[in-house]
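# quick one, what's the 3D model for this:
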Amino acid sequence: MDIERLLHTLLPRVQRPARYVGGELNQVVKRWDAVATRIALAFPDIYDLGMPNNGLAILYDQVNQQPDMLAERTYVPWTDMQALMRERGLPLFSLESKRPVRDFDVLGISLPYESLYTNVLTLLDLAGISLQTIDRGRDEPVVIGGGHATFNPEPMWAFFDAFVIGEGEEVLLEVARCVAAWSKGSAERSQLHRHLATIEGVYVPSLYTVSYNADGTVCRVDRTDRVGSPTVRKRIVAQLPPPLTRFIVPNVDTVHNRVAIEIMRGCTRGCRFCHAGMVTRPVRQRSVEEVVNALDVALRQTGYTDVGLLSLSSSDYVHVLPLVREVRDRFADRKLNISLPSLRIESFSVELMEALQGASRRGGFTLAPEAATERMREIINKPVSSSQVLQTAAEVYRRGWHTIKLYFMIGHPAEQLADVEAIGELALAVLAEGRKVIGGRAKVNVGVSTFVPKPHTPFQWVPCDTADQIKAKQALLRNRLRRRGIKLSWTNTQESLMEAWLSRGDRRMSQVIFRAWQLGARFDAWQEHFRFEQWQQAFAHAGLDPHFYTHRQRSPEEVFPWDHVDCGLHKRFLQQDYQWSLQGKTREDCRNRCFACGILPKYKELRRSNPGDVWECPDVGRAAVKAGLQAAKPTAEATQRPDNASKAVVPGPVPGGVNRAGVSIPSQRHDP
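Numbering: from 1, shown residues only. Predicted structure coming up:
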């Protein structure tokens, strides 16, 4: 099939045809027959959202630097293009060479968040790839998943050959070479799975079985081949590789059109709700010189004037003030707009604001208190006083910003209605500070999301709010914040519930995902396409209760579906931190004091072998680590319960009858 010729006949009939043509500035096109291994990198949503995904962009660059490999891109077409592709028999193709995705050796799919799961099935189906791993033959690509959502890979276990747990810069190349060696022989796919499982950071779900207790909780997770450890430890890079500078410039406007340089990876603050802050430890950072030099190259190669200096906590980057000043001074003639996401209220200095004032155009300035009372901020381990919030807001207005964006969450553990009412009071107080300074031009945008407990966090034991509780809290805020100068937005209640059951689901959830997809679930992250009733029907079909996954308090002894995935933190550390939250007890930044979370001993060899001071952890001795461990209350950390535990062993079912028949994203989106 001549894909390019057929494509040209379809493009006049779809919205934004430039999504499907490729040919962008800085794309990489290699000769297909000149390399041994071909990798398709996929983001399971449309081009407009996938193109700015920094993780895939880095992997694209890393693979294409290898002389024996190529990487090309693919995304999920919008609904109009999907219909035409099915009508005309056009398979999903890569943008660079317009080859069918099914012809590639490896299909790497990014899973940054759970609402993309049904899109993965759409992507596989459009490509003509068997949805279930068990049905795939030697002639089909090896399907690999990666991204933050894979720290609990179990809900998607049936659809992937393997998952990369952690950071992919090094491990993807190892996976590709393993697949290349297998492709030269005649061994079955199961043999490849066993080889992939020997690579550190690679989880192969087909090599594991799960049994359940009579109450539906996980009893034990066993590795069937009995080779190696049943626990899969996340992969990290000891030192961040050189920043990406050759950014592909998209054909259409995307959610972020900018040069994005990661200045630091990891976080030491320990916010108890934050999945990313827990699973990306330890902190590693780049030098000012490396960041600025990379920025210089990237700006010349792209023509961008927007710059994102990325990290989970930008103002905790040790050299943030010198960095902003250097960027401002070196590129003064380019009138750059610099963004520093995730600036902390308590560590944000007036000097840094002054530096940003000289480097950025006026837009909204974001502060994220997360909770509005000091009691709640102690529970979530974000101890900032309300007076600090107001003082910082006043300084922001005083330096020329007209709009402050405030981000909060409702549904935190132990939250009371008074804590929700305080969100409105704090937002109005911030507005009042602005009006004191700049009068009626002051505005406050309040974003309120619903807390969803995530795996590998201290709050993984707690239940979610019910739909009624969420709606009552949202109604309270709507009534309180009907004021001029205030704009309130909130997340869809049903979408939050979907995220909750998918993020902490077990293997049985794969049946629900598959059935929801059969019923038409598509683009679940898009408010106009999300259909809650399809998911309710899917749960009923699978004989599962969504309440079990969302509104149930977990016991300290419960075995979680993800316990065999090691993010580097001790489960007993997380349990202790949860107990501290119940007491309103906070932890200081662990750069100042080691709390024995588990990272240092597990990755000590990497730290010792790494030149330079890029691991921002205190150089503590064994005594300090031992003291921290002894202070933590021990809990069950194994992946199984005692043999005498009451149980009914039930094998995790898989979706049947599936064959090849055929990257913090908001729910409100612009039209495609």
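# how far away is the residue nearest to the spatial centre of the chain from Leu336?
In the chain, the residue lying closest to the centroid (CA atoms, centre = their mean) is Pro112, at 3.5 Å. Relative to Leu336, Pro112 is positioned 27 Å away (criterion: CB to CB, to the nearest Å). C-beta here means a position set from N, CA and C on the backbone, and glycine is covered the same way.
# Thr268 too?
29 Å.
# check Val297 too.
Val297 is 15 Å from Leu336, where distance means CB to CB.
# where along the stretch 101-250 of the chain do the helices fall?
117-127, 171-183, 189-196 (DSSP state H, counting those that start in this stretch).
# scratch that, the stretch 251-400 of the chain is what I was asking about
In the stretch 251-400 of the chain, the segments counted as helices under DSSP H, counting those that start in this stretch are 275-279, 288-302, 320-330, 350-359, 374-379, 386-398.
# out of the ones you listed, flag the one nearest Phe573.
Taking CB to CB, helix 275-279 is the member of the helices of the stretch 251-400 of the chain nearest to Phe573, at 9.8 Å.
# and that closest one, what's its mean pLDDT?
If you average the pLDDT over helix 275-279, you get 97.
# how about stretch 3-16?
What stretch 3-16 shows for mean pLDDT is 96.
# and the contacts of it?
17, 20-21, 47-48, 78, 80-81, 84-85, 88, 90-91, 93, 98-100, 252, 672 (CB atoms under 8 Å, 6 or more residues apart in numbering).
# straight-line length of that stretch, end to end?
In stretch 3-16, first residue to last residue: 18 Å (CA to CA, to the nearest Å).
# which parts of that stretch are buried?
Buried residues in stretch 3-16, counting neighbours by 16 or more other CB atoms under 10 Å, are found at Ile3, Leu6, Leu7, Leu10, Val14, Arg16.
# nearest to Leu497, out of the helices of the stretch 101-250 of the chain?
That would be helix 117-127 among the helices of the stretch 101-250 of the chain, by CB to CB, at 14.5 Å.
# the closest one - what's its average pLDDT?
Helix 117-127 shows a mean pLDDT of 98.
# figure out how far that helix is from the centre of its chain.
A distance of 19 Å separates the centroid of the chain from that of helix 117-127, by CA atoms, centre = their mean, to the nearest Å.
# okay, the spatially closest residue to Ser190 that is not a sequence neighbour and Ala176: tell me how far apart.
Distance criterion CB to CB, 6 or more residues apart in numbering; nearest residue to Ser190, sequence neighbours excluded, is Ser206 at 7.2 Å. Distance from Ser206 to Ala176, counting by CB to CB: 19 Å.
# sorry, back to before: who wins for proximity to Trp490 among the helices of the stretch 251-400 of the chain?
Here helix 374-379 is closest among the helices of the stretch 251-400 of the chain (CB to CB), at 17.5 Å.
# which residues of the stretch 551-672 of the chain score low on pLDDT?
Scanning the stretch 551-672 of the chain for pLDDT under 70 picks out the ranges 608-672.
# might one say that Glu24 is in contact with Phe247?
No: if you go by CB atoms under 8 Å, Glu24 and Phe247 don't touch, sitting 9.8 Å apart.
# contacting residues around Tyr549?
By CB under 8 Å, 6+ apart, the contact set of Tyr549 is Ala500, Trp501, Arg504, Gly505, Met509.
# neighbour-wise, which one of these leads?
Counting neighbours by other CB atoms under 10 Å, Met509 leads the contacts of Tyr549 with 29 neighbours.
# before we move on, the earlier item: name the residue in Val297 and Leu336 with the higher neighbour count.
Neighbour totals were compared for Val297 and Leu336, and Leu336 leads with 22 against 15 (other CB under 10 Å).
# can you flag the weakest of the helices of the stretch 251-400 of the chain by average pLDDT?
Among the helices of the stretch 251-400 of the chain, helix 350-359 scores lowest, at a mean of 74.
# buried stuff in it?
By neighbour count on 16+ other CB under 10 Å, the buried set for helix 350-359 is Leu352, Met353, Ala355, Leu356, Ala359.
# format these as JSON lines; extra columns: distance to Phe151.
Below are the buried residues of helix 350-359 laid out as JSON lines (distance: CB to CB, whole Å):
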{"residue": "Leu352", "distance to Phe151": "32"}
{"residue": "Met353", "distance to Phe151": "35"}
{"residue": "Ala355", "distance to Phe151": "35"}
{"residue": "Leu356", "distance to Phe151": "33"}
{"residue": "Ala359", "distance to Phe151": "35"}
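# and which of those residues is nearest to Ala260?
Here the nearest of these to Ala260, counting by CB to CB, is Ala359; it sits at 16.1 Å.
# between Ser206 and Ala176, who's got more neighbours?
In this view Ser206 and Ala176 are compared by other CB under 10 Å, and Ala176 has more residues nearby, 24 against 20.
# which residues touch the closest residue to Trp461 other than its chain neighbours?
Spatially, and ignoring its direct neighbours in sequence, Trp461 is nearest to Arg554 (4.2 Å; CB to CB, 6+ apart). By CB under 8 Å, 6+ apart, the contact list for Arg554 reads Gln460, Trp461, Val462, Phe560.
# which one of the buried residues of helix 350-359 is nearest to Phe595?
Closest to Phe595 out of these is Leu352 (27.6 Å), distances taken as CB to CB.
# hmm, that closest one is touching Pro322, no?
No: using CB under 8 Å, Leu352 is not in contact with Pro322, being 10.4 Å away.
# residue contacts, the residue nearest to Ser190?
With contact set as CB under 8 Å, 6+ apart, Ser206 has these partners: Thr133, Ile134, Asp161, Ser190, His193.
# repeat that for 10 Å
133-134, 157-158, 160-162, 189-190, 193-194, 196-197, 224-225 (CB atoms under 10 Å, 6 or more residues apart in numbering).
# what's the closest of the helices of the stretch 251-400 of the chain to Ala472?
Smallest distance to Ala472 across those (CB to CB): 17.2 Å, for helix 374-379.
# what residues sit buried inside that closest one?
Residues Glu374, Met376, Arg377, Glu378, Ile379 are the ones in helix 374-379 that count as buried (16+ other CB under 10 Å).
# which member of the residues you listed is positioned nearest Gly598?
Ile379 (22.7 Å).
# for the closest one, which non-adjacent residue is closest in space?
Per CB to CB, 6+ apart, closest to Ile379 is Ser581, 5.0 Å.
# test my guess that the one you found contacts Glu415.
No: applying CB atoms under 10 Å as the test, Ser581 and Glu415 come out as separate, 11.8 Å apart.
# intersection of neighbour lists for those two?
Common contacts of Ser581 and Glu415, defined by CB under 10 Å, 6+ apart, comprise Ile379, Ile380.
# who are the packing partners of the longest helix belonging to the chain?
In the chain, taking DSSP state H as the definition, the longest helix is helix 417-438. Here helix 417-438 touches strand 364-370, helix 374-379, helix 386-398, strand 403-410, strand 443-450, helix 467-480, strand 486-490, going by 3 or more CB pairs under 10 Å, 6 or more residues apart in numbering; DSSP states H and E.
# residues of stretch 161-172 that come out buried?
Applying 16+ other CB under 10 Å to stretch 161-172 flags Asp161, Ala162, Phe163, Val164, Ile165, Gly166, Glu167, Gly168, Glu169, Glu170, Val171, Leu172 as buried.
# which helix or which strand is home to Thr457?
Under DSSP states H and E, no helix or strand contains Thr457.
# can you give me the strands for the stretch 1-150 of the chain?
Secondary structure of the stretch 1-150 of the chain (DSSP state E, counting those that start in this stretch): strands at 37-43, 69-75, 106-110, 142-146.
# in a markdown table: those, plus mean pLDDT and distance to Arg480.
Formatted as a markdown table, the strands of the stretch 1-150 of the chain follow (pLDDT from 0 to 100; distance: least, CB to CB, whole Å):
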| stretch | mean pLDDT | distance to Arg480 |
| --- | --- | --- |
| strand 37-43 | 98 | 38 |
| strand 69-75 | 98 | 41 |
| strand 106-110 | 98 | 39 |
| strand 142-146 | 98 | 42 |
